[in-house]
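Engineer: Below is the sequence, then the predicted model.
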Amino acid sequence: MVPLMSLVWPILLSAVIVFIMSSIIHMLPLWHRSDYPGLPDEEGFRKAVGPMKIPPGDYFVPRPKGPAEMKEPAFIAKLTEGPRVMMTVLPNEHPSMGKPLAGWFVYSVVVSLVAALAAATVLGAGTAYRVVFHTVGLVAFAGYSLALWQANIWFGKSLSVTVKSTVDGVIYAALTAGTFGWLWPK
């Protein structure tokens, strides 16, 4: 077992490396540019929905009032006619990147911390690089990627976005694992 305090540097450095790599990945025009295409008639949508003053939050349309309504012909007709929409409404303001970037960094620290806790519990000082890489990499991959598939399965998130984000997670996990392998206590 390795004391958690001896893993402070790998935890923080791996989070910084993941933060930098994710910034590079998301700024490149090739990888994530097509994740969220525009609507066919964005202005028409804005004019139809804007006056509703929908508060920020997550919404599902059509939304049944309960399980019984899901079986009613009128509700089934709504599902068949469409549109079926799951959407997140954001506040009407100029977006600031500060809060999401800070949240992403904290999340990266948490993933590294959980990976450190798992590895420190099962590995001793002087463990071979590849064993540290494997252990930390698996935990970090779980933290960065597995829940993405729930959004695909349950909420219809596109397969291409899910796969690309999972590949991002593999990259982040490998960087985290490599950092821990390099800085693992001897």
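Structural biologist: Yep, it's here.
Engineer: Next one: residue 13 from residue 77, what distance?
Structural biologist: For residue 13, the distance to residue 77 equals 57 Å [CB to CB, to the nearest Å]. To be clear about C-beta, it is placed using only N, CA and C from the backbone, and glycine gets the same treatment.
Engineer: Between the two, tell me which one has more neighbours.
Structural biologist: Set residue 13 next to residue 77 and count neighbours by other CB atoms under 10 Å: residue 13 wins out with 17 against 10.
Engineer: helices and strands around whichever strand or helix holds the more buried one, which ones?
Structural biologist: Applying DSSP states H and E as the criterion places residue 13 in helix 8-27. Helices and strands in packing contact with helix 8-27 are listed as helix 98-122, helix 159-183; criterion 3 or more CB pairs under 8 Å, 6 or more residues apart in numbering; DSSP states H and E.
Engineer: which one of the ones you listed has the most crowded surroundings?
Structural biologist: A comparison of the helices and strands packed on helix 8-27 by mean neighbour count, using mean count of other CB atoms under 10 Å, puts helix 159-183 on top with a mean of 19.
Engineer: outside of it, which residues touch it?
Structural biologist: Defining contact as CB atoms under 8 Å, 6 or more residues apart in numbering, one finds that helix 159-183 is touched by 7, 9-10, 13-14, 17-18, 21-22, 25, 31-32, 34-36, 108, 111-112, 115-116, 119, 129-130, 132-134, 136-138, 140-141, 143-145, 148-149, 151-152.
Engineer: If any of the residues you listed are buried, give me the PyMOL selection for them.
Structural biologist: Filtering the contacts of helix 159-183 down to the buried ones (16 or more other CB atoms under 10 Å) takes a single PyMOL command:
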select buried, resi 7+10+13+14+17+18+22+25+108+111+112+115+116+119+132+133+136+137+140+141+143+144+145+148+152
